[in-house]
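> Sequence plus predicted model, see below.
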Amino acid sequence: MSDHNDRDELADRRRNKLKVLHFDKDGKDLVESEKPDESFADVGGLEDVKKKIRMNFILPLKQPELFAAYGKEAGGSLLLYGPPGCGKTFLARAVAGEIDANFMHIELQAILGMYVGQSENNLHDIFEKARENKPCVIFIDELDAMGGSRNQMRQHHDRILVNQLLMELDGLRTFNDQVFVIGATNTPWYLDSALRRPGRFNHMIFVPPPEESERETILKLKLAGKPLAPLDLTKISKETKHFSGADLEQIVKDAVEVALERSLETGDIQPISQDDLKKASKQRKATTLDWFATAKNYATFSDVNQDYQIVLDYMKANGLK
Ligand SMILES: Nc1ncnc2c1ncn2[C@@H]1O[C@H](COP(=O)(O)OP(=O)(O)O)[C@@H](O)[C@H]1O
Ligand SMILES: [Mg+2]
């Protein structure tokens, strides 16, 4: 009960402190900016990941004197990577919520689609806006889209944008304290190596698929508010090893569809049953497995810096080949 009140109070506090960011006409379509309400408490599990983020992002902001004594300032960048649908975007929002910061979500595909000359200006504007509204988290999703295109014209265009991003990240080191940049990618091995140098995206954080208890949390979250028969979600979580958060979301959608069809046939509301969920989970397979197969290739044959040893360790510990 008091737990609940605390949470309400926190949400109120966040709402009251909400700063509205104003964007110029061009930036508006590219960036969503807001103050997320999610915090780490909403992210199931991922304790190692949270700890790393606390150490690098959150504590330096909360105890600046202590960290300054060691020459560390609040700010910087990190890169989240891992199989699709396992909470990278979710986690980035929660970081902003956790430090009560503004959150700017950059869809890189949208920026890349712009005219030459415009996209790098926009990128610069975004970093300017972040500085004016600190603390601020800039989240660059689909980072691998950058520099990954085939044709020559595009490649040149992308190159300019990569260089602009490098400049912004380097600038961040000198005077952008309290501006945080989080990048996310499913394919870190395709990333332009210049982006991985010290002071840029040199902190790589592996975001693994949810473990059993996290799967149960995610299922509960996705089923909340729907008509339900008595359910044993522990059982479903046991049977969905390696499934991503997004896979679990899909299972719930499939089960909803079946229950809905049944309702249309009978003419009354038919709750989602254990059997609906079970069947739905049997019909889907974990989409993380392909990712692990690819990651293993890179980790085994071209991982000169041992960046992906953690992935191999995870695979071993979780019975993945
Ligand atoms: N650890 C987690 N706790 C709660 N929800 C999660 C977790 N991991 C994934 N999800 C849910 O799964 C979905 C996909 O997550 P997302 O962050 O978009 O994945 P990614 O960015 O890694 O592709 C989201 O709807 C999110 O709510
Ligand atoms: Mg994402």
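Sure thing, it's come through. Ligands and ions are numbered 1, 2, ... in the order given.
> Looking at the stretch 51-200 of the chain, which residue is nearest ligand 1?
Among the residues of the stretch 51-200 of the chain, Gly87 lies nearest to ligand 1; the distance is 2.8 Å by Cβ to the nearest ligand atom. Where C-beta positions appear, they are placed from N, C-alpha and C, glycine not excepted.
> quick one, what contacts that residue?
Contacts for Gly87 (Cβ atoms under 8 Å, 6 or more residues apart in numbering) come out as 43, 46, 207, 210, 245.
> want to throw those residues into TSV with neighbour count and distance to ligand 1?
Listed next are the contacts of Gly87 as TSV, based on neighbours: other Cβ atoms under 10 Å; distance: Cβ to the nearest ligand atom, whole Å:
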residue	neighbour count	distance to ligand 1
Val43	24	5
Leu46	22	5
Val207	20	6
Pro210	28	5
Gly245	24	2
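> Give me the helix or strand of this structure that scores worst on average pLDDT.
When the helices and strands of the chain are scored by mean pLDDT, DSSP states H and E, helix 25-28 comes last with a mean of 45.
> where's the dip in pLDDT among the contacts of Gly87?
Lowest-confidence member of these: Val43, scoring 81 (pLDDT).
> I'd assumed Lys50 was in contact with it.
Yes. Assessed by Cβ atoms under 8 Å, Val43 is found in contact with Lys50 at 7.2 Å.
> check which helix or strand covers Lys235.
Assigned by DSSP states H and E, Lys235 belongs to helix 233-238.
> residue contacts, whatever residue of the stretch 51-200 of the chain ends up closest to ligand 2?
Going by Cβ to the ion, ligand 2 is nearest to Thr89 of the stretch 51-200 of the chain, at 3.4 Å. By Cβ under 8 Å, 6+ apart, the residues touching Thr89 are 139, 141, 184.
> Give me the distance between it and Gly76.
20 Å (Cβ to Cβ, to the nearest Å).
> Mind listing what's buried along the top helix by length along the chain?
With secondary structure taken from DSSP state H, the chain has its longest helix at helix 152-175. Buried residues in helix 152-175, defined by neighbour count with 16 or more other Cβ atoms under 10 Å: 157-158, 161-162, 164-166, 168-169, 172.
> secondary structure class for the residue in the stretch 201-321 of the chain positioned nearest to ligand 2?
Taking Cβ to the ion, ligand 2 has its nearest neighbour within the stretch 201-321 of the chain at Ala246, 8.8 Å off. Assigned with DSSP: H, G, I helix; E, B strand; the rest coil, Ala246 falls in the helix class.
> How about it, nearest residue that isn't a chain neighbour?
Gly85 (2.7 Å; Cβ to Cβ, 6 or more residues apart in numbering).
> dump the residue contacts of that neighbour.
Per Cβ under 8 Å, 6+ apart, neighbours of Gly85: 244-247, 249, 287-288.
> cool, and Cys86?
207-210, 244-246, 288.
> Which of the contacts of Thr89 scores worst on pLDDT?
Within the set of the contacts of Thr89, pLDDT is lowest for Asp141 (86).
> For the chain, what lies in contact range of ligand 1?
Within the chain, the residues that sit near ligand 1 (Cβ under 6 Å from any ligand atom) are 43-46, 84-90, 184, 210, 214, 218, 245-246, 249.
> Could you rerun that using 8 Å?
42-46, 80, 82-92, 141, 184, 186, 207, 210, 214, 217-218, 221-222, 244-246, 248-249 (Cβ under 8 Å from any ligand atom).
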